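In: need a 3D model of the following:
(2 chains)
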Amino acid sequence: MSAPLAVEAHDLERVYASGTATVAALAGVTLAVRSGEFVAVMGPSGSGKSTLLNVIAGLERPTGGTIRVGGEDLTKLDEQALARHRSKRVGMVFQAFNLLPRYRVVENVALPLAFAGTGRALRLAKARALLERLGMSARAEHRTNELSGGELQRAAIARALVSDPAILLADEPTGNLDSANGAALIALFKELHAQGQTVLLVTHDATIAAHAERTVRMRDGRMVD
Amino acid sequence: MRPSDLVAMSLGNYTRARLRSALTTAGVAIGTALVVLLIALATGAEDNVRRSIFSIGDLRLVSVQPFQPGASGLSAVPRTITDDTVSQFKRIAHVEGVFRQFDAPLGTVVEGGEDATIRPQGIEPGAPVDRGDLIAGRHLAAGDRAVAIVPGNIARLIAPSAGGAVGKRVTMRIGGAVKLGSTRIGGSGTPRDYAVTVVGVFDEQASQTSMRIPLEDALAAGAENRGLTPDALRQGTGYSGVAIEADDSQNVADIVKAVQELGFSSFSLKQVVEQIDQGFGVFRGILAGIGGVALLVAAIGIANTMVMSVLERTREIGIMKAVGAAPGDIRTLFLAEAAYVGVFGGVLGLALGVGGGQLIERIIRNLNPRANPAPIFVVGPDLALGALALALVVALVAGFLPARRAMRMSALTALRYE
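Out: Model prediction:
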């Protein structure tokens, strides 16, 4: 094995109780993502790809199997440690952007650092530097409602990267964007990957997935091929 | 999360929903103001009563009566206070002074005419009764004989002004029938005349009839009236009473107990004050309870506001958790928001309570200019700090459940909340 593993999922299960029936969103998923890799997870809706991402992000706990991110076994972490995992080890980008409208863009980007205990001046400086790197300097002091969809998602990516995470997780990041903005965003992911960032992207769109280094497919909570 | 960030973030949340925060804060302010106002009223009333008691006498004093302890009035059992008894009193711990008193039979000051009825009180120099109330002349001094300190009204009967009576020689007629107007009010034995010099005049607010004379003179007059010797009188009849002075009012209760153990009835203002304190404690508690109900209603308001705030910000909570907010961070953020309601409401309520009290006081004084000049509402530092702390605690308690709810919310569920 050349590079250490960023993500190591083995026989991962996530079962929901729905009334009397149970639904398995993940029914034994095994996946390894190397450090520095750009992996796309593809599958139709309901295939369990978002659940997989949420488990890796530490937003959801698996009901079976093992999951290691950056070598840490997430099933052994308590709520407090899981919060630290979310703030330091992973950066998450959502389809719905999920920025806080009452804060300025730069404050949104700096938010994870606030919860990590970084001082205000330092975290705002970091956020500004990152926004500059993503070509968003001009928008740093704006409110989120003054931004276009493409800009919002760039700001969200900046927020996901502000803690220098081991892995960048993106759940349908282009889902709310038009094709031009979507293409620009994918170009940004490729650029970040070229700079060494590990990226795990979930999409149902084959043209987006085609940009990744490697594509894995899911259906009914399982890996296919 | 750093405390400075916590303060800034929660303050932002507090000020965002301005009207709602203002209304909730107003609720706390009104509750706090009511608590402050009612307790201030109770404290003012208590101060007033205490002040009146302090004006009656010294809290360090224990007065001993020639009776057995317990029963009073007609069923009181007499006991004789002799010089032996007095030396026993002197040996009680913390006793600073013991002053004997002998009341001679009623009489009149002849120069003052029919209205000048007097009760001659034989006292020792420095006796508590003969302190600090002079309007002319001097108090009784050691070695004085055939002198008297008279009340202002008697002084004006024997001289044009109270001061003019000082130095006058008057006739003190003791015994026989003593009348007030045409009513016989007492007197015993054959009337006898004694020449005395007025050396001082005291404010008749203390008494309009008592005339302070040296203890030996009173004993001599009393003995002559009954055909006894002064020594026989000391031993047989005993003194009319004794004033014991404690070194500190803290020790009065012990002295009272010791005197009662020696078999004498005793009384102290200090005990009265203690009973009044207890009574006012209850009074204050009731008033504070009424104010507390207002604060309880305010607390429900806070809880309601916080529940709404948590619901409204569900998505925000989800986002914060997704980017790494620890459960404790979320709880602290919401608790801090509730704390702002408590702090601002408390400060505002305190100001409102103090201001309202002053306003009511001014209105009362305008309506009745001759009202007792003592303040009606008294807000001490205890009450002020207590009210602030109470408002904060009420807010934190009210905010606790909503904050916990926010803390326990699943990040994913919260992110999906519309």
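
In: rest of the way, CA atoms for contacts and neighbours
Out: OK.

In: let me see the contact set for residue 144.
Out: All of this is about chain A. Going by Cα atoms under 8 Å, 6 or more residues apart in numbering or on different chains, residue A:144 touches A:99-105, A:152.

In: that answer is for a different chain, and I need it for chain B
Out: Residues near residue B:144 by Cα under 8 Å, 6+ apart: residue B:214.

In: part of a strand, is it?
Out: No. Residue B:144 is assigned coil when assessed by DSSP: H, G, I helix; E, B strand; the rest coil, not a strand.

In: which SSE is residue B:305 in?
Out: With secondary structure defined by DSSP states H and E, residue B:305 is part of helix B:269-312.

In: what helices and strands are in contact with that helix?
Out: Using 3 or more Cα pairs under 8 Å, 6 or more residues apart in numbering or on different chains; DSSP states H and E, the elements in contact with helix B:269-312 are helix B:18-56, strand B:61-65, helix B:252-261, helix B:327-367, helix B:381-408.

In: go again using 10 Å as the cut-off
Out: With contacts defined as 3 or more Cα pairs under 10 Å, 6 or more residues apart in numbering or on different chains; DSSP states H and E, helix B:269-312 has these neighbours: helix B:18-56, strand B:61-65, helix B:252-261, helix B:314-322, helix B:327-367, helix B:381-408.

In: any chance of the ones you listed in JSON lines, with distance to chain A, mean pLDDT and mean neighbour count too?
Out: Listed next are the helices and strands packed on helix B:269-312 as JSON lines, based on distance: least, Cα to the nearest Cα, whole Å; pLDDT from 0 to 100; neighbours: other Cα atoms under 10 Å in any protein chain shown:
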{"stretch": "helix B:18-56", "distance to chain A": "14", "mean pLDDT": "86", "mean neighbour count": "21"}
{"stretch": "strand B:61-65", "distance to chain A": "65", "mean pLDDT": "89", "mean neighbour count": "23"}
{"stretch": "helix B:252-261", "distance to chain A": "60", "mean pLDDT": "89", "mean neighbour count": "18"}
{"stretch": "helix B:314-322", "distance to chain A": "6", "mean pLDDT": "93", "mean neighbour count": "23"}
{"stretch": "helix B:327-367", "distance to chain A": "7", "mean pLDDT": "93", "mean neighbour count": "21"}
{"stretch": "helix B:381-408", "distance to chain A": "10", "mean pLDDT": "93", "mean neighbour count": "20"}
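
In: let me have those in CSV, extended by distance to residue A:54.
Out: Converted to CSV, these look like this (distance: least, Cα to Cα, whole Å):
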stretch, distance to residue A:54
helix B:18-56, 36
strand B:61-65, 81
helix B:252-261, 75
helix B:314-322, 10
helix B:327-367, 18
helix B:381-408, 18
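
In: closest residue of the stretch 1-150 of chain B to chain A?
Out: Closest to chain A within the stretch 1-150 of chain B is residue B:1: 4.5 Å, counting by Cα to the nearest Cα.

In: that residue: what's it in contact with?
Out: Residue B:1 makes contact with A:112-119, B:325-326, B:328-329, B:332, according to Cα atoms under 10 Å, 6 or more residues apart in numbering or on different chains.

In: including distance to residue B:106, could these go into CSV?
Out: Below are these laid out as CSV (distance: Cα to Cα, whole Å):
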residue, distance to residue B:106
A:112, 94
A:113, 94
A:114, 90
A:115, 90
A:116, 92
A:117, 89
A:118, 91
A:119, 89
B:325, 90
B:326, 88
B:328, 83
B:329, 84
B:332, 79
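
In: I'd like to know which of the residues you listed are buried.
Out: The neighbour count (16 or more other Cα atoms under 10 Å in any protein chain shown) marks A:112-116, A:118, B:325-326, B:328-329, B:332 as buried among the contacts of residue B:1.

In: which single one of those is nearest to residue B:104?
Out: The nearest member of the buried ones among the contacts of residue B:1 to residue B:104, counting by Cα to Cα, is residue B:332 at 78.2 Å.

In: please name the nearest non-neighbouring residue to the closest one.
Out: Take residue B:332 and drop its neighbours on the chain: the residue closest to it by Cα to Cα, 6 or more residues apart in numbering or on different chains is residue B:403, 7.5 Å away.

In: enumerate every residue touching that neighbour.
Out: Contact partners of residue B:403, counting by Cα under 10 Å, 6+ apart, are B:303, B:306-307, B:309-310, B:328, B:330-338, B:396.

In: for chain A, give me the ranges with low pLDDT.
Out: Within chain A, the ranges that satisfy pLDDT under 70 run A:1-3.

In: ok, longest helix in it?
Out: Of all the segments of type helix in chain A, defined by DSSP state H, the longest one is helix A:179-194.

In: how close does the spatially most central residue of chain A get to residue A:60?
Out: Central residue of chain A (Cα atoms, centre = their mean): residue A:169, 1.8 Å from the mean position. Relative to residue A:60, residue A:169 is positioned 14 Å away (Cα to Cα, to the nearest Å).

In: joint contacts of the two?
Out: The contact sets of residue A:169 and residue A:60 overlap at A:53-54 (Cα under 10 Å, 6+ apart).

In: got phi/psi on the residue of chain A found nearest chain B?
Out: In chain A, the residue found nearest to chain B is residue A:87; the distance is 3.8 Å by Cα to the nearest Cα. Phi and psi for residue A:87, reported as degrees, to the nearest 10, are phi -80, psi -30.
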